[in-house]
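# Take a look and give me a structure for this.
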Amino acid sequence: MKKIKQNKIKIIKIKINQNRNQEITGKKEATLEGLKLFLCDWSQRVQNTSPLDAIFQIENNPLSWFYRPIIYSSLLPQPFLTINDIHQKKIINQKKITIALASFKKYLLLNDKLKEKITKKNKEKENTPPIENTPQQQEQLQNQLQTQPQNKIQNENASKVLFLTFTNHLGEDNNIFRINQIVQKIKKDQKYRPFLLVVDPISRLSIKKIYQKNNTIYSYYDPQIHQKAKDISLSLAQHWQTITPQQKEQALTNYTEINNKSGNNIEYYPQIKYHLNLLYSQEFIYLVAKWYFTYKKIILQEQIRSIVLTSQNNIFEKCLIAAAKSQNIPVFIIQHGIGLGTLPTIDTPDNVKFAIFGKKYITELTNLGVNKKNINITGPIIFDEIAKYTDPISNYTNNSNNNSINNEKSNQPLEPYESKTILLATSPFIEDRFLTKDQYFERVTSILTQLKTITKKINLKLHPRERNLEEYQKIIQQLQLTSIISCDTDRHTHYQLIRNCNLVITFGSTVALEAMIMGKPTLTIDLFDKHNPTNGLIINSGATTIVKYNQPLAPLIQNLLIQDPKQQQANAFIKELCYKIDGKASERIVRYIYKEIETIDKKNKQLNDKKLK
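Alright, predicted model coming up:
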């Protein structure tokens with residue numbers, strides 16, 4: 001088994017190196033994509049005849065696999081450099097980053113410890129002591145999990161489908177943002193029990209929500225897990241210190257003499273060493289190991305038969321995927337947006353299945369190394385509720401009858417622009433570190449100022465991950481606009497905002513696609529001066545009007561409020577992207593989950609039968 005895995009890594013590495021050479025051929029420096037490809041396999045390079053991945057792992061799961069999305073994106077706080085900063089060879093303030101590194105490690109441990117304490121207080125309130133399993137009990141649970149028959153009668157001991165959700169994705173009624181219909185369908189079928197497991201993002205401390213929820217990851221911590229994580233993290237962190245800076249630098253230098261006419265090597269270690277010193281510190285490894293072993297405990301103790309996620313890039317999600325792999329549990333990634341929630345990754349675990357919008361995404365996933373048999377087209381679940389909001393109300397009338405301004409026979413006068421409503425859907429570019437807070441709000445203020453010259457009826461729909469509500473409120477107040485600012489994840493509220501507006505403006509988000517489905521004209525504003533780091537699907541679709549943030553907006557918007565020149569292209573784009581918008585994607589996903597569980601059950605039964613013989 002080890003030999004097969006090594007061969008697989010070797011093959012993938014060759015493919016990555018070929019792609020990287022294509023990216024940098026004839027250039028003095030690698031492109032941004034070339035840099036990502038280079039960083040993709042840095043830990044597979046030799047160190048004293050052994051790849052780093054063979055040394056730094058938790059139960060055969062390389063730490064680099066857990067960390068790859070963190071290095072690719074901009075998930076670490078300032079002053080850690082973003083991937084764009086690394087590519088541009090931005091100079092680091094040594095003093096600031098050294099202090100930040102020490103502080104952030106302390107913060108991570110304290111943040112997690114506080115969440116555990118909050119959970120313990122909740123347990124004490126309910127007089128429910130934390131459950132701790134002996135190794136023998138865990139082995140017994142694992143055997144039961146693999147051999148037990150599945151009943152259609154729901155009871156306390158029934159197997160479960162685990163839904164991992166974050167505190168900022170939970171509604172007041174415990175609905176899970178985007179995938180609640182799957183939960184309800186499984187509950188209704190009574191074949192398995194839905195099990196909602198809540199985690200709090202590392203960047204947050206949601207005391208109230210953690211305290212109110214019984215099933216949080218923190219409630220399953222126990223002394224054995226703490227000790228195991230402590231032992232592993234200490235050993236690996238000490239080993240990381242034995243690798244010299246020269247060896248690390250060698251692994252992170254792009255040797256390009258063959259393709260680079262100038263013969264200059266590209267050194268990335270000075271920019272990325274602080275990321276690695278954090279990720280390979282005892283503190284960070286301890287948390288990753290703790291989360292991994294806790295998930296293993298939950299899978300066994302709660303009799304989990306499958307897991308549902310909406311992404312595979314968060315560190316909590318990576319730990320859960322690895323734990324599920326160790327127990328042969330399928331993990332279903334439910335596509336929740338146009339970006340699909342994936343980053344380039346190698347050695348994608350075979351237990352991960354993808355439920356996607358339509359055919360277009362098959363190519364994207366197979367290019368990332370996903371086996372085609374692990375991809376199922378189910379249609380966009382996020383649009384299951386949209387059908388009731390797509391009634392044929394003309395976007396260009398005073399009311400809901402069909403008197404279009406383009407109808408020459410109509411004597412109805414044009415609506416004045418000031419009576420029109422514009423919806424601006426914002427994006428978490430500050431949180432993703434694509435723009436600074438000052439840059440972002442300076443551009444948003446400029447946009448709103450221009451919109452004000454057309455109409456004061458401007459509503460804002462914030463992305464769930466945005467954390468600067470007060471800043472938006474301050475701008476709206478300063479400009480004296482009549483605005484609704486919605487942070488609600490409820491689909492009804494969201495779709496009503498789109499339905500009741502005359503134009504939807506986005507920065508390239510999924511909201512643009514929703515607006516197209518509902519027959520609304522869209523304007524996509526590019527907020528970036530040079531390279532746009534966001535998913536380019538909307539901008540490159542040809543289905544929306546595009547404009548740069550520093551160009552005049554008023555004339556363009558006035559024309560869009562009269563007629564949408566992209567309506568035909570939008571309809572074709574929807575057809576290409578989405579398999580079906582019939583309100584039944586959740587049903588197809590649930591059938592897919594059941595089918596995969598049954599397939600694994602059959603395989604386990606065959607293996608057990610062979611053992612008995």
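# name the helices or strands packed onto the longest helix along the chain?
Secondary structure of the chain per DSSP state H: the longest helix is helix 94-126. Helices and strands touching helix 94-126, by 3 or more C-beta pairs under 8 Å, 6 or more residues apart in numbering; DSSP states H and E, are helix 207-212, helix 269-279, helix 282-301. Placement of C-beta: from N, CA and C, glycine included.
# Give me the buried positions along that helix.
97, 100-101, 104-105, 108, 111-112, 115-116, 118-119, 122 (16 or more other C-beta atoms under 10 Å).
# now those in JSON lines, with pLDDT?
Listed next are the buried residues of helix 94-126 as JSON lines, based on pLDDT from 0 to 100:
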{"residue": "97", "pLDDT": "93"}
{"residue": "100", "pLDDT": "92"}
{"residue": "101", "pLDDT": "94"}
{"residue": "104", "pLDDT": "94"}
{"residue": "105", "pLDDT": "95"}
{"residue": "108", "pLDDT": "95"}
{"residue": "111", "pLDDT": "94"}
{"residue": "112", "pLDDT": "95"}
{"residue": "115", "pLDDT": "93"}
{"residue": "116", "pLDDT": "93"}
{"residue": "118", "pLDDT": "90"}
{"residue": "119", "pLDDT": "87"}
{"residue": "122", "pLDDT": "68"}
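# where in the stretch 251-400 of the chain is pLDDT low?
255-264, 341-347, 391-400 (pLDDT under 70).
# Show me the strands in it, by range?
Using DSSP state E, counting those that start in this stretch, the strands of the stretch 251-400 of the chain run over residues 253-254, 266-267, 304-309, 331-334, 352-356, 375-377.
# among the ones you listed, which is nearest residue 537?
For the strands of the stretch 251-400 of the chain, proximity to residue 537 was assessed by C-beta to C-beta; strand 352-356 is nearest, at 13.2 Å.
# What residues sit buried inside the closest one?
Buried residues in strand 352-356, counted by 16+ other C-beta under 10 Å: 352, 353, 354, 355, 356.
# Among the helices and strands packed on helix 94-126, show me which one is buried the most.
helix 282-301 (a mean of 22; mean count of other C-beta atoms under 10 Å).
# Which elements pack onto it?
Contacts defined by 3+ C-beta pairs under 8 Å, 6+ apart place helix 282-301 against strand 57-58, helix 63-72, helix 94-126, helix 135-147, helix 223-242, helix 315-326.
# mind checking which of those is nearest residue 250?
helix 223-242 (15.1 Å).
# Now do stretch 433-443: distance to the chain's middle.
21 Å (C-alpha atoms, centre = their mean, to the nearest Å).
# Identify each buried residue in that stretch, please.
Within stretch 433-443, the residues that qualify as buried are 433, 434, 435, 440, 441, 443, counting by 16+ other C-beta under 10 Å.
# Which of those residues fall in helices?
Judged by DSSP H, those include 440, 441, 443 as members of helices.
# quick one: the first one and residue 522, what's the gap?
When you say that, I think you mean residue 440. For residue 440, the distance to residue 522 equals 21 Å [C-beta to C-beta, to the nearest Å].
# what residue ranges in this structure score low on pLDDT?
1-30, 46-49, 122-157, 172-173, 255-264, 341-347, 391-415, 613.
# can you pull out the helices in the stretch 451-600 of the chain?
Along the stretch 451-600 of the chain, counting by DSSP state H, counting those that start in this stretch, helices occupy 469-479, 491-499, 510-517, 554-560, 567-577, 585-612.
# Comparing the ones you listed, which comes out most buried?
The most buried one of these (mean count of other C-beta under 10 Å) is helix 510-517, showing a mean of 25.
# just the angle between that one and helix 491-499, please?
70 degrees (axes from the mean of the first three to the mean of the last three C-alpha atoms, to 10 degrees).
# Show me how far helix 510-517 is from its chain's centre.
When distances are taken as C-alpha atoms, centre = their mean, helix 510-517 is centred 19 Å away from the chain's centroid.
# give the contact list for residue 461.
Neighbouring residues of residue 461 by C-beta atoms under 8 Å, 6 or more residues apart in numbering: 423, 424, 425, 426, 486, 494, 497, 511.
# Excluding chain neighbours, give the residue nearest to it in space.
Nearest residue to residue 461, sequence neighbours excluded (C-beta to C-beta, 6 or more residues apart in numbering): residue 425, at 4.5 Å.
# what's the answer for residue 225, then?
residue 293 (4.7 Å).
# quick one on the thing from earlier: I'd like the ones in helices among the buried residues of stretch 433-443 laid out as TSV, including distance to residue 585.
Shown next, in TSV, are those (distance: C-beta to C-beta, whole Å):
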residue	distance to residue 585
440	33
441	36
443	35
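# Just give me the closest of those residues to residue 454.
When those are compared for distance to residue 454 (C-beta to C-beta), residue 443 wins out at 17.8 Å.
# Residue 424 against residue 450, yeah?
No. Under the criterion of C-beta atoms under 8 Å, residue 424 is not in contact with residue 450, lying 11.3 Å apart.
# So for those two, which residues contact both of them?
Contacts common to residue 424 and residue 450, judged by C-beta under 8 Å, 6+ apart, are absent.
# Looking at those two, which has the bigger crowd around it?
Counted by other C-beta atoms under 10 Å, residue 424 and residue 450 do not tie: residue 424 has more neighbours, with 25 against 16.
# mind checking how far the more buried one is from residue 487?
Shown here: residue 424 relative to residue 487, a distance of 14 Å by C-beta to C-beta.
# what's the answer for residue 73, then?
Residue 73 is 23 Å from residue 487, by C-beta to C-beta.
# cool, and residue 231?
Remark: distance between residue 231 and residue 487 (C-beta to C-beta) = 43 Å.
# between those two, who's got more neighbours?
Neighbour count, other C-beta under 10 Å: between residue 231 and residue 487, residue 487 has more, with 15 against 12.
# Wait, the more buried one touches residue 465, no?
No. Between residue 487 and residue 465 there is no contact under C-beta under 8 Å: 10.4 Å.
# Need phi/psi at the residue nearest to residue 461.
Note on residue 425: backbone dihedrals following degrees, to the nearest 10 are phi -100, psi 120.
# That one: how many residues sit nearby?
For residue 425, the neighbour count with other C-beta under 10 Å is 25.
# any idea how far it lies from residue 224?
Residue 425 is 47 Å from residue 224, where distance means C-beta to C-beta.
# returning to that earlier point: got the contact list for the residue nearest to residue 461?
Counting by C-beta under 8 Å, 6+ apart, residue 425 has contacts 460, 461, 463, 504, 505, 506, 507, 509, 511, 512.
# any chance of these in TSV, plus distance to residue 568?
Formatted as TSV, the contacts of residue 425 follow (distance: C-beta to C-beta, whole Å):
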residue	distance to residue 568
460	29
461	26
463	29
504	18
505	20
506	20
507	24
509	22
511	21
512	16
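# what's the closest of these to residue 267?
Among the contacts of residue 425, and counting by C-beta to C-beta, the member closest to residue 267 is residue 507, at 34.2 Å.
# got a list of what the closest one touches?
Listed by C-beta under 8 Å, 6+ apart, the contact partners of residue 507 are 425, 426, 427, 429, 524, 525, 526, 527, 534.
# Now distance to residue 299 too, for these, in a markdown table please.
Shown next, in a markdown table, are the contacts of residue 507 (distance: C-beta to C-beta, whole Å):
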| residue | distance to residue 299 |
| --- | --- |
| 425 | 37 |
| 426 | 37 |
| 427 | 35 |
| 429 | 36 |
| 524 | 42 |
| 525 | 44 |
| 526 | 44 |
| 527 | 42 |
| 534 | 35 |
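# between those, which is closest to residue 565?
Nearest to residue 565 among the contacts of residue 507, with distances taken as C-beta to C-beta, is residue 524, at 13.5 Å.
# Tell me what the closest one is bridged to.
residue 506, residue 546 (DSSP bridges).
# Surely residue 544 is in contact with residue 526?
No. Using C-beta under 8 Å, residue 544 makes no contact with residue 526, being 11.1 Å away.
# Settle it for me: which of the two has more neighbours?
Under the criterion of other C-beta under 10 Å, the comparison of residue 544 against residue 526 puts residue 544 first, with 25 against 16.
# out of everything not next to it in sequence, what's closest to residue 232?
Residue 232 sits nearest to residue 289 (C-beta to C-beta, 6+ apart), 4.8 Å away.
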